[in-house]
Every structure is written in structure tokens, then in C-alpha cells.
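Novice: Below: sequence and its predicted model.
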Amino acid sequence: MPSLEFDLEAALAQPYPGLRSFEPLESFIFFGRRSQINELLRRLSRGRMLAVVGTSGSGKSSLVRAGLLPALYRGHLAGSGSTWRVAIMRPGGGPLDKLADALVAEELFAASQREEVRKTIGMTSLGLVDAIQKSKLGRREALLILVDQFEELFRFRAEHAGSDGTTEVSLFVAALLEAIDQVERPIYVVLTMRSDFLVDCAEFAGLPEALNRNQYLVPRMTRNDRQEAIEGPLRVAGANISARLVQRVLNDAGDDPDQLPILQHALLATYRAWKKRGGQGDIDLADYEAAGTLVDAINRDAQSLLDDIPAEDRKIAERIFRCLTSMEGGRAVRRAARFAKILGVIGASGDSSLRGKAEGIVRRFTSEGRSFLILPPGTQIADDCVVDITHESLIRKWSTLRDWAEREADSADWYRSVVRDAKLYQAGRSGVWRNPGLKEALRLRREDWNTAWSEQYGGGFDAATKFLETSKVKRRRNRILLCAAGIFVFTGAAAGYGKYRYDLYQDKVTELSLQQKVTNATDQVAEATNRTRVLEAELSTKLDPAEKKALQQQLDEQTKQLALLKQQSQTATQQLASHNGDQASKDMLLKQAYSQIDSLRAQVGALRQGQCAAGYVPRNAVAGDRVCVAQAVADQVTADNQQAAERRAGSGPYGADTCKQGFVWREATPGDHVCVLPSVRDQAAMDNRQAQFRLAAGASAAAK
């Protein structure tokens, strides 16, 4: 049995635990719960199982650890002695492994027997009873198995659904039920659990019945109880708190049970502020406000620790804390992880330098008085050490961590979408991704994702990586096709303009040729006219009839030749005069050439912007969805979106993320959770596949 001696030095240094729960050795500073402790003892005396249930921050763990356990050690449980073995465990990370570790830690077995114990309790539902029969549990001793944070079972089962997680969880629950039903050894089971997980307990045979028999819902502390919880620890530490500060703190905390961990941290920060100014007089409003009050004490302390880390190492801190958070039902919750897993997620496996930095960051946030993280006792942080956030109120109150948790959830959603579409693509039911979704997924893969990280979300990292690489290669191919189409388009335009320039050149040559022809014809007419006049002069001087007759024949031929030349000259002049179409044709060809260039440019721009061909319109399933579909399909999408908006507004019987039987999520794009008939989803998948190739096909058509 552990010693319950008071540690006054610890109380003087830290009269409040902060965000973490009280431990059994701190029962002397645990105030305000006397009636609740008595009720726990009364209920446990009626049966060997007790479920302590309450909201997050209601003090379940502290009530059991610093209230119930010390009462058991003092022999206050009716029908039982004061000699107890208490095996304390949290089931996250493997319930059977944790149970075996807890039994060994309580010295029921030697450390060398750990694997044998694990094998025994994992064989059947009676394995735990068989193991206890062989343990060092004395005849006058009772065993209490405390399963703290019982809801971690459901998270473990979800994360290991593809392996034997479901089987292990079911076997663990069955082993606990068998242990409390047997009568040979006094084995008790106490579990603490958040009340919002009660409905999940119905999935295990026998567990709902056991909970119904002995369940304790932690009630709200009265104002007097909370006042005692504020003043009592300070009386032990020899300090006084002013009455006005007590009332201010009570008013700030209100009746919300979720404020208890926040209250404890704010009081501890206030106590430190009082000690910093000398520790004289009453603790008063100035100390409380210097600590940040309930509103900002956690945020201020956590942020100061982060700011003290070198800027280049803060990304490591972010990755560590993101590894320790998860989203459940839209709410960020803590997620314990072994240190080896954390190292894998941040990429520090095998890197001693990066491991040292990670250890330093974890130790900084587990420092006494600011214990934002929990580590097992010991000086070394081994690979199998479980690291956890002290309380979920840290996520809600530390703005930086809240942003990190949302970023982690967003990254996980993107990853699940990639994995899902990778499987559909492999089955031929979906196409590859395109920008902007592809660009964002590639960024997240570069900054967040790796094999160890993906194991938190079901694995499949290699398949997701291959799918993204395939998408990137096809995107590059489409870009090359588009560029080639652009080259062909503008080459065609350039060829048209070149032809226009050649036609202008030929037109000019024709004009110059006609001008030369007119000039030559004019010269020939002039020469023929002169020869005619010479012949007429000679004819007038000839008296010989024979000579006169010969000259007359020459004159007639020359006259005919002159008439022919005049006709040719007139024709050439008319051709030259009618060759006025060069300017008009030049203007028309120029307009046609530039019109062709503008038209082809518009075609390429439309291809790049994802505009649809004639007869098709953008689908618009979500903002930015440019997949081209027929008008009837687009009308159906609009109608489905309207119905989804009405359902989310509360006008329908189904939730925002719930489809009634026979309907499925449309999934036209990642995160498209509009409920439709399966045939509509199949149509959306087909449209997506066709859209992958429309760009290249459109580019090729434009090139022709």
C-alpha cells in the first residue's frame, strides 16, 4: 500500500496541480469533494464495478485518484480491509498491453513475467482471472483495477480497425466483466469515462448492464464546494487569499464543470505571481490579473514556453502537438502517443540531433507547475514512453494549439480523400486529381505526410503517393498538350499572315508588270506612228506605179500594225487602271488574318480557363467546380445542393453529415457531402473522368 504521508514542501511549492489531475499522494490538498467520495464508497460496496462518468473537466480522474483511492487505503470501504493493490492504467495504445504493464508495476508479477502475463490475459475472457490466480496477490489483499480515460478504448478500436483492434478491445472488456463476476478473489474494477461516450458502450455484450447497475455521474460542485477547493490548499501551504479574490474567481468560473482544470491552473499561476512579488500579505486581485485570470492564464503560460523555443525549432513543437491531438465529432481531443511514434511523425527516427530537440521540447512542456504534457515517471524518455496532453482544456484555451489542431484535422481530411480516390482510381471508378486540389495535396504531402503520420489515419501512404504522382504526371502531360496546341494555333495564324504578305508581294509584281507593259505598248505605238508618217511621205513623192503600189502595201500593213498596238496599249492601260484592288484586298486580308489570330487566342484562353464547349455548362457542385456537364445534370446538382442546404438549416430529419437510407454522399469533389442517389454519384464520377481528358481533346481540336 502506498504511503499517504503529507508532503508539506510540495504543497508550499505547488498547492494546486494545474491542468493535470490530482494524484493519491496529494489527497491532503484535495478539497470540496467529501460528499462525492462517500457516495463512491457506498456504491462500490454494493458491487465490484463502478463507472465514474462525467463531462470533460468535471474532475473524474482527480475524484478517483485523490478521493476514492486514499479512502480505500484507509479502510473506509465497507466489507473490505485496508490492504489494497491498485493497478492504474489507461487503455490507449493497447488495452491488454497496458493492463499487463499495470499488473507488473503493482508488483503482482516480476518484470521478467510481463510477456507471459500479456499472453495469458490475451488468450480468453478468463485470462485475467487466470493470471491473478497465479499472481502475488495475498489472501488478505484486494485488487482494484483503475481504467482511467476508458473512452480511449473507442479511439484505439477506430485507429486499428484494419488489424485486430476490435478483437482486442472486446476481449479486454469481457476480461473485466469476468473478473468482477468471479468470487474466488476480491477483484474490483473502477473506470472513468466521459459521458458523451456512454452510447458507445452499448456495442459490448454485458457492459451496458454492468454500467446500469453501478454508475456514478459526477455532479456539479456547489459554490461552497468550489470555495473550499480554492481556500483549502492555500491553508495547507500557509498562505491566505483575500475574500474579494475568492468571489471574483468563483464568479469567473461560474457553474461550468469544464472550468475545474482551468481554475486549478489559474490559481497555480496566481500563487506563483504572489510568490514572485515576495509572498507577503494576502493573495489578491493584482496577483490574479498578473497571472492572466481564468480567461488567459493557460494561453499566456503555454505561449511563453513556445516563444522561448528557438524559431527554427518551433515547427518541431507544432508537429509534436499535432501528433497529440485528434478530431472526434467536430471537437478537438487529446491523443496519447508513444515517443517512437512521435519521432516517426516528425521525421526524427534515426536522427539523434532532431531527437534531442524533440526531447527538450517535451521536457519543457512537462516542467513542474506548467505540466501541459504528461510523461511516465523517470529521467529518460524512451521510445515506448507515452506522451499525452494533460487535459483537453489546453486545446480549447491555447489559441496556437487550437489552430494546430484544426490544421491537423484539415490535413487528415485531405489525406483521407486522397486515399479514397486512389482506391477508386485503381478500380477504374474515378479519375486523377487536378489543380487546385492536386496542388494543395502535394503541398500537404511535402509538409505533413509520411508513413508514420499516415498510420494515425489508416495507412495507405504508398498508394496515396503513387496516385498523386500519377496525377502530377498527367497534369504535366496535359500542360504539354495545351502548349503544343497553342504553338499549332499561333503557327497557323502566322502562316495565314505570311500568305497575306506573299499575296501583297505578288500583287505588287503584277502592278509593276502592267506598268511596264503599258510603257512598252506606248513606245511601240509612237514608233509605228512615225514609220507610218515616213511611208506616207515617201508615197507622195513616188511616180512609178510599181514603186507606189509597193509603198502602199507597206503603209497598209503599218496602219494595221499601229491599230493593233493601240489596241494592246489601251488594253494594258485598262488593266493597270482596273488594278485598284490591291489596297482593298490588302485591308480585307489584314482584317481576316488578325481576326483569325484573335479567334485562336480566344480558343486557347478558353481551354486554359476550363470553359465548356457548346451545349455544356459548368457543374458547380461546389465553389470552383468547373467540370463540364449537360444542362440537365447541372440542374439536378443545383436541386441537390438546395436540399442539402435545407437539411443543414435544420428543416429536415437528418443531420448535416448524415444521409438517409438509400442515399450516399455525392463526392463530386473532395469533401462534397451532399446526399444523392447512388446513380447521381456514379454520374458525377463519370463526369470527373471525362473532364480529365476534355482539356487535351479541346486543345487538339483547336490545333486543327
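Specialist: Here it is on my side, so go on.
Novice: what's the spacing between Tyr616 and Val633?
Specialist: Tyr616 is 9 Å from Val633, where distance means CB to CB, to the nearest Å. Heads up, the C-betas are built off the backbone N, CA and C, glycines and all.
Novice: The two: who's more crowded?
Specialist: Taking neighbours as other CB atoms under 10 Å, Tyr616 and Val633 compare with Val633 leading, 20 against 17.
Novice: which residues does the more buried one contact?
Specialist: Val633 sits next to 619, 683, 687 when contact means CB atoms under 8 Å, 6 or more residues apart in numbering.
Novice: you'd agree the last one is up against Ala634?
Specialist: Right, Asp687. No: using CB atoms under 8 Å, Asp687 makes no contact with Ala634, being 10.1 Å away.
Novice: For the residue nearest to Gly344 when sequence neighbours are not counted, give me its contacts.
Specialist: Spatial nearest neighbour of Gly344, excluding adjacent residues (CB to CB, 6 or more residues apart in numbering): Ala452 at 2.9 Å. By CB under 8 Å, 6+ apart, the contact list for Ala452 reads 341, 344-345, 349.
Novice: please redo it, this time with the cut-off set to 10 Å
Specialist: 323, 340-349, 461 (CB atoms under 10 Å, 6 or more residues apart in numbering).
Novice: How about Leu69?
Specialist: Taking CB under 10 Å, 6+ apart, we find Leu69 in contact with 2, 4, 23-25, 27, 37, 63, 84, 86, 88, 144, 146, 190.
Novice: Okay, and it sits in which element?
Specialist: For Leu69, the host element (DSSP states H and E) is helix 69-73.
Novice: so which helix or strand takes in the residue nearest to Gly344?
Specialist: Assessed by DSSP H and E, Ala452 sits inside helix 451-454.
Novice: Leu50 now?
Specialist: Using DSSP H and E, Leu50 falls in strand 49-54.
Novice: in the sheet, who's paired with Ile241?
Specialist: Ile283 (DSSP bridges).
Novice: What residues does it make contact with?
Specialist: Contacts of Ile241 (CB under 10 Å, 6+ apart): 230-231, 233-235, 249, 267, 270-271, 274, 282-284, 287-288.
Novice: can we see that at 8 Å?
Specialist: 230-231, 234, 282-284 are the contacts of Ile241 under CB under 8 Å, 6+ apart.
Novice: Show the pLDDT at it.
Specialist: On pLDDT, Ile241 comes in at 95.
Novice: hey, what's in contact with both of Asp687 and Ala634?
Specialist: Arg619.
Novice: Which residue of these two possesses the greater neighbour count?
Specialist: It is Asp687, of Asp687 and Ala634, that has more neighbours when counted by other CB under 10 Å, with 22 against 19.
Novice: Roughly how far does the more buried one sit from Glu527?
Specialist: 83 Å.
Novice: same deal with Ala202?
Specialist: Ala202 is 123 Å from Glu527, by CB to CB.
Novice: repeat for Glu318
Specialist: 102 Å.
Novice: Spell out the residue ranges of the strands in the stretch 51-200 of the chain.
Specialist: Ranges of strands in the stretch 51-200 of the chain, per DSSP state E, counting those that start in this stretch, are 84-89, 142-147, 187-194.
Novice: which residues are contacting the last one?
Specialist: Among residues not part of strand 187-194, those counted as contacts by CB under 8 Å, 6+ apart are 44, 48-56, 60-61, 64, 68, 129, 132, 142-151, 176, 179-180, 201.
Novice: Looking at Ser3 now. What's its pLDDT?
Specialist: At Ser3, the pLDDT value in this model is 48.
Novice: for the strand holding Leu50, packing partners?
Specialist: For strand 49-54, the packing partners by 3 or more CB pairs under 8 Å, 6 or more residues apart in numbering; DSSP states H and E come out as helix 34-46, helix 60-62, helix 165-181, strand 187-194, helix 207-213, strand 215-217.
Novice: Buried residues, the longest one. List them.
Specialist: It refers to helix 165-181. Neighbour counts over helix 165-181 (16 or more other CB atoms under 10 Å) mark 165, 168-180 as buried.
Novice: What is the nearest of those residues to Gly428?
Specialist: Nearest to Gly428 among the buried residues of helix 165-181 is Gly165, at 30.8 Å by CB to CB.
Novice: Was I right to think the closest one contacts Phe156?
Specialist: Yes: counting by CB under 8 Å, Gly165 touches Phe156, with 6.0 Å between them.
Novice: For Ile381, which three-state class applies?
Specialist: coil (DSSP: H, G, I helix; E, B strand; the rest coil).
Novice: who touches the closest residue to Lys397 other than its chain neighbours in this structure?
Specialist: Nearest non-adjacent residue to Lys397, counting by CB to CB, 6+ apart: Ile298, 4.0 Å away. Contacts here follow CB under 8 Å, 6+ apart; on that basis Ile298 touches 19, 262, 265-266, 292, 393-394, 397-398.
Novice: Name the member of these with the most neighbours.
Specialist: Busiest of those [other CB under 10 Å] is His265, holding 31 neighbours.
Novice: Report the helix or strand with the lowest average pLDDT across this protein.
Specialist: Ranking every helix and strand in the chain by mean pLDDT, DSSP states H and E puts helix 581-609 at the bottom, with a mean of 53.
Novice: Tell me the first helix or strand C-terminal of that helix.
Specialist: Next helix or strand after helix 581-609 toward the C-terminus (DSSP H and E): strand 617-618.
Novice: what's in contact with that next one?
Specialist: 610, 612, 625-631, 634.
Novice: Quick check: of those, which lies closest to Asn214?
Specialist: So of the contacts of strand 617-618, ranked by how close each gets to Asn214 (CB to CB), first place is Asp625, at 54.1 Å.
Novice: circling back: list the strands paired with the strand holding Leu50, with their directions.
Specialist: For strand 49-54, pairing defined by DSSP bridges yields strand 187-194 (parallel), strand 215-217 (parallel).
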